[in-house]
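Asks: curious how this folds, go ahead:
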Amino acid sequence: MKPVSVATIGECMIELSGRGNDLWQMGFAGDTFNTAYYARAMLPAEKRVAYVTAVGDDPFSLRLKAHIAEAGVETERIRTIAGKRPGLYAITLDEGERSFTYWRGESAARQLADDAAWLKEALADADMLYLSGITLGILSNAARERLLTALAERRAEGVKIVFDTNFRAALWPDKAEAQATMAAAIATADIALPTFDDEALLHGDATPEETAERTASLGVTEIVVKNGDEPCLVVAEGEATWVPPAKAARIVDTTGAGDSFGGTYLAARLMGQPPVDAARLAHAVAAEVVGVHGALAPIDREAITAKQQKRGA
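Replies: Numbers count the residues shown, from 1 in each chain. Presented below is the predicted three-dimensional model:
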């Protein structure tokens, strides 16, 4: 497989969003693919981005794979499993509040770590590998262990491992299993990107500092605690820094804001920016994303970078 700067690992799903009168619009999205999308948008062309997942051999899987490729994200590391299909979710609105209904029992992505030989090849030749708690949540116990072992091997070879907790209670039988699995993943990572709301729900954290302290106790030396429209807490190089969010011109839809932050942070770190500067750039992109509908917003890398450089001057 061709070497890449970053490969993200997880599940991209069919998305159905209601348009009224029982009309539905189909798209494709998922936290780790969204992250790859924004990493691709914020990296120069010579930096390659790939997605690691599994799809079926049905027409919807073919369309999903084409969608990933159209975003400039490489599909060479996508496994095809005969007889399987993508997961699906529908977005419904009730007085402006979004809710999600999922169908992912037959999703091919649940088997992305079942073939050890394929997995080893899919994770090879990458400078950075990224996964989330959702990635682990859809896998069997054996597959989780296989994936974490493979990531530890890549890390020993010098690959940067990034873990975003993204806790979704519906994917786990209980909090204890989620806590143990998340801790094992964090211990395998060089960079952790927990979200405070998720950590408060999973662990009962009262403050972002508490989240950072527990994460650091597992051996991670670079931590960004995301906190919605509040400042994020960056812990790196022995220092803790609060980084305020960028002001959004308007807020239309917060879907994908966290993923855009993560993808931009990865891109900035790959380009050699220090953690605090990477977080500032990630906030700037997230402020653009909340101004449009949907998880995947068009991003003008040069304009955003120039604006950030002007602010820092």
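
Asks: pLDDT below threshold where in the stretch 101-250 of the chain?
Replies: 249 (pLDDT under 70).

Asks: what segments of it are strands?
Replies: In chain order, the stretch 101-250 of the chain shows strands spanning 126-132, 160-164, 191-192, 222-225, 232-236, 239-243, with DSSP state E, counting those that start in this stretch as the criterion.

Asks: quick one: list the elements packing against the fourth one.
Replies: Of the remaining helices and strands, those touching strand 222-225 by 3 or more CB pairs under 8 Å, 6 or more residues apart in numbering; DSSP states H and E are strand 191-192, helix 208-216, strand 232-236, helix 275-289. From N, CA and C alone the C-beta is placed, and that goes for glycine too.

Asks: for Ala268, which of these is the nearest?
Replies: Evaluated over the helices and strands packed on strand 222-225, closeness to Ala268 peaks at helix 275-289, with 3.5 Å, by CB to CB.

Asks: ok so, going back, now tabulate the strands of the stretch 101-250 of the chain in a markdown table and tack on distance to Ala284 and mean neighbour count.
Replies: A markdown table is the format used below for these (distance: least, CB to CB, whole Å; neighbours: other CB atoms under 10 Å):
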| stretch | distance to Ala284 | mean neighbour count |
| --- | --- | --- |
| strand 126-132 | 20 | 24 |
| strand 160-164 | 19 | 25 |
| strand 191-192 | 19 | 25 |
| strand 222-225 | 15 | 26 |
| strand 232-236 | 12 | 23 |
| strand 239-243 | 11 | 14 |
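
Asks: and the ones you listed: which comes nearest Pro298?
Replies: Short answer: strand 126-132, nearest of the strands of the stretch 101-250 of the chain by CB to CB, at 21.9 Å.

Asks: list the pairing partners of the closest one within its sheet, with orientation.
Replies: Paired neighbours of strand 126-132 in the sheet (DSSP bridges): strand 4-9 (parallel), strand 160-164 (parallel).
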